[in-house]
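Asker: Sequence plus predicted model, see below.
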Amino acid sequence: MFDIFNNSKNFTTDDIPDLQGKIAIVTGANTGIGFATAQELARKNAHVFIACRNQTKGEKTVDEIKQVTGNDKVEYLPLDLSSLKSVLKATELFLDRKLPLHILVNNAGIMATPFTLTEDGIQDQFAINHIGHFLFTIKLLPTIEASAPSRIVNVCSDAYYYAPECGIDFENINNPDACSTYSRYCQSKLANILFSLELNKRLADKEVYVNSVHPGIVKTEIQRNLKDFKGYMVKIIVGLFVTSAEKGAATSLYCATSPEIIEKNLRGKYFEPVGKLVIPKKSGTDENLALKLWKYSEELINKKLNF
């Protein structure tokens, strides 16, 4: 990776403009970085939808954010990214409201889980971290375009750097013996970057600013499955360099709200904390691989949903 700036931005939550009249969806907003992101958007007067699977936790988050921010325009949106039917239902629930959508933060994710297939027969990390968000975004895209200028932020990780040489091993996504659970995670995070790259390309003539962000090393619930030796080592590293969820949300908030994104036409980019523009390694800028991922994702979804 090559840092094209020398320093991080001095961006803080104080730099977030007033978001009165703006509508935002944050996935995985019931905990960690997603919670911190949603809370700051609400604090700045955005109408925020907390999109997550667990209704009890989601509604508790809504109540907490309302209480802390004094903003009553915070709602729960049921979304289980491991289920394509749930993703479609969530988009239908939102679209039925006939609301605009100015900010979409695809934040939810899982990490290093034991190999599992979802109800749709897709390896869980790839399904939740990429495929679910891919479908969710595509279904909301006409509304996002109509609400321009608008933003899409895909939360990834610099773990993409450790994806295999081929980038994404499409032939073995559902093969439990093909690679480690950590490799599957890295591939799913590379998919986030490539999705941003291809989506931005397709929106080149639109005022929709698509970017991907690495939040930094943040201790959140996503690390709860790190139980073997490698996981133990990761936890040690996290303990040494950990930052708070609030600080981890800063780069997402920068891409979701900063006027600089539009003023400097920053789109299809990869950012590290805080708001630092970085050129990813080759796999993260591979337009052919990004297109292949897009086509693979479309074909997989169409097959699973019998479209």
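Answerer: That came through, no problem. Numbering: from 1, shown residues only.
Asker: Strands of the stretch 51-200 of the chain, residue ranges please.
Answerer: Counting by DSSP state E, counting those that start in this stretch, the stretch 51-200 of the chain has these strands, from start to end: 74-78, 103-106, 150-155.
Asker: For these, give me CSV that also has distance to residue 204, mean pLDDT and mean neighbour count.
Answerer: Backbone N, C-alpha and C define where each C-beta goes, glycine included. Formatted as CSV, these follow (distance: least, C-beta to C-beta, whole Å; pLDDT from 0 to 100; neighbours: other C-beta atoms under 10 Å):
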stretch, distance to residue 204, mean pLDDT, mean neighbour count
strand 74-78, 29, 99, 19
strand 103-106, 18, 99, 28
strand 150-155, 14, 99, 27
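Asker: Dump those to TSV, plus distance to residue 43.
Answerer: Converted to TSV, the strands of the stretch 51-200 of the chain look like this (distance: least, C-beta to C-beta, whole Å):
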stretch	distance to residue 43
strand 74-78	10
strand 103-106	14
strand 150-155	17
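Asker: and of those, who's closest to residue 136?
Answerer: Shortest separation from residue 136 across the strands of the stretch 51-200 of the chain is recorded for strand 103-106, at 7.2 Å, computed as C-beta to C-beta.
Asker: for that closest one, packing partners?
Answerer: Contact here means 3 or more C-beta pairs under 8 Å, 6 or more residues apart in numbering; DSSP states H and E; on that basis strand 103-106 packs against strand 23-27, helix 32-43, helix 132-146, strand 150-155, helix 250-257.
Asker: Can you say which of the ones you listed is nearest to residue 171?
Answerer: Taking C-beta to C-beta as the criterion, residue 171 comes closest to helix 132-146 out of the helices and strands packed on strand 103-106, the separation being 19.0 Å.
Asker: hey, C-alpha coordinates of the closest one in PDB?
Answerer: Listed in PDB are the C-alpha atoms of helix 132-146, where the atom choice follows Å, rounded to 0.1, in the frame of the first residue of the first chain:
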ATOM      1  CA  GLY A 132     -25.600  -9.700   1.600                       C
ATOM      2  CA  HIS A 133     -24.200  -6.200   1.400                       C
ATOM      3  CA  PHE A 134     -24.000  -6.500  -2.400                       C
ATOM      4  CA  LEU A 135     -27.700  -7.400  -2.700                       C
ATOM      5  CA  PHE A 136     -28.700  -4.800  -0.100                       C
ATOM      6  CA  THR A 137     -26.800  -2.000  -1.900                       C
ATOM      7  CA  ILE A 138     -28.000  -2.900  -5.400                       C
ATOM      8  CA  LYS A 139     -31.700  -3.000  -4.300                       C
ATOM      9  CA  LEU A 140     -31.300   0.400  -2.600                       C
ATOM     10  CA  LEU A 141     -29.300   1.900  -5.400                       C
ATOM     11  CA  PRO A 142     -32.100   3.600  -7.500                       C
ATOM     12  CA  THR A 143     -33.100   5.500  -4.300                       C
ATOM     13  CA  ILE A 144     -29.500   6.400  -3.500                       C
ATOM     14  CA  GLU A 145     -29.000   7.700  -7.000                       C
ATOM     15  CA  ALA A 146     -32.300   9.700  -6.800                       C
END
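Asker: Thank you, goodbye.
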